[in-house]
Structures are given as C-alpha cells and as structure tokens.
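Visitor: Kindly return the folded structure for what I paste below:
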Amino acid sequence: MIQNEEELRVTKARIERFQKWLLDMRQQVDPEEFSLMSSSYRLEIERMQAEVLEYLLYPAIVASMQTTAMAGSSTMQQTAVG
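Guide: The predicted structure is shown next:
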C-alpha cells in the first residue's frame, strides 16, 4: 500500500514504464504471443492502479468514516440523556 507522496510518484512512474513495455511488446510480438506475454504486465498495472486510487481516495474514506462515527456517537449521547 502506498504510504506517502514519494511512493505515489514511484508507483505512477512504474505504471508508465509497464505501459511502455506493453506498447513495445505489442509492436514486436505476434498477437498470440502477446496475449500470453502481456497478461502478467496487465495484472501488475491493474494492481498498482488500484493502490494509487486507494491512496488518493483514502483521506476521503477516513473523513467519511469519522463523520459517520461522530454522528452515531451524538445520537447515542442524545438517547442516553433523553
């Protein structure tokens, strides 16, 4: 999991590098071989893209969870008082 902006930068650069490898491979290898050779690159690109999205969306997810927890806490306090 990406922990900071530097890891985000490195992961995005890695995604670009893998995409370039796929493009080069696509131009140099026949279609049947490409299908077999490209699958592991594709899976790795998808995994890294998911990590990037998780990192980018994480603050929003945490804020949403905190808001929900705070709302639930307020409701419980009001019920206990009332």
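
Visitor: can we go C-alpha only for contacts and neighbour counts from here?
Guide: OK.

Visitor: so where's the protein shaky on pLDDT?
Guide: 60-67, 69-82 (pLDDT under 70).

Visitor: could you pull out the helices for it?
Guide: 5-28, 31-81 (DSSP state H).

Visitor: Same list as before, the ones you listed that is, but in JSON lines and with mean neighbour count included.
Guide: Shown next, in JSON lines, are these (neighbours: other C-alpha atoms under 10 Å):
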{"stretch": "helix 5-28", "mean neighbour count": "14"}
{"stretch": "helix 31-81", "mean neighbour count": "13"}
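
Visitor: who's in contact with stretch 48-60?
Guide: Contacts to stretch 48-60, defined as C-alpha atoms under 8 Å, 6 or more residues apart in numbering, come from residues 1-3, 8, 11-12, 15.

Visitor: and if you look at stretch 14-22?
Guide: 38, 41, 45, 48-49.

Visitor: which two from the contacts of stretch 48-60 end up farthest apart in space?
Guide: The distance between the two most remote of the contacts of stretch 48-60 (C-alpha to C-alpha) is 16.8 Å, for Gln3 and Ile15.

Visitor: Let me see the contact set for Gln3.
Guide: Going by C-alpha under 8 Å, 6+ apart, the list of residues near Gln3 reads Tyr55.

Visitor: Let me see the backbone angles for it.
Guide: phi -110, psi -20 (degrees, to the nearest 10).

Visitor: One more: Val29?
Guide: phi -120, psi 150.
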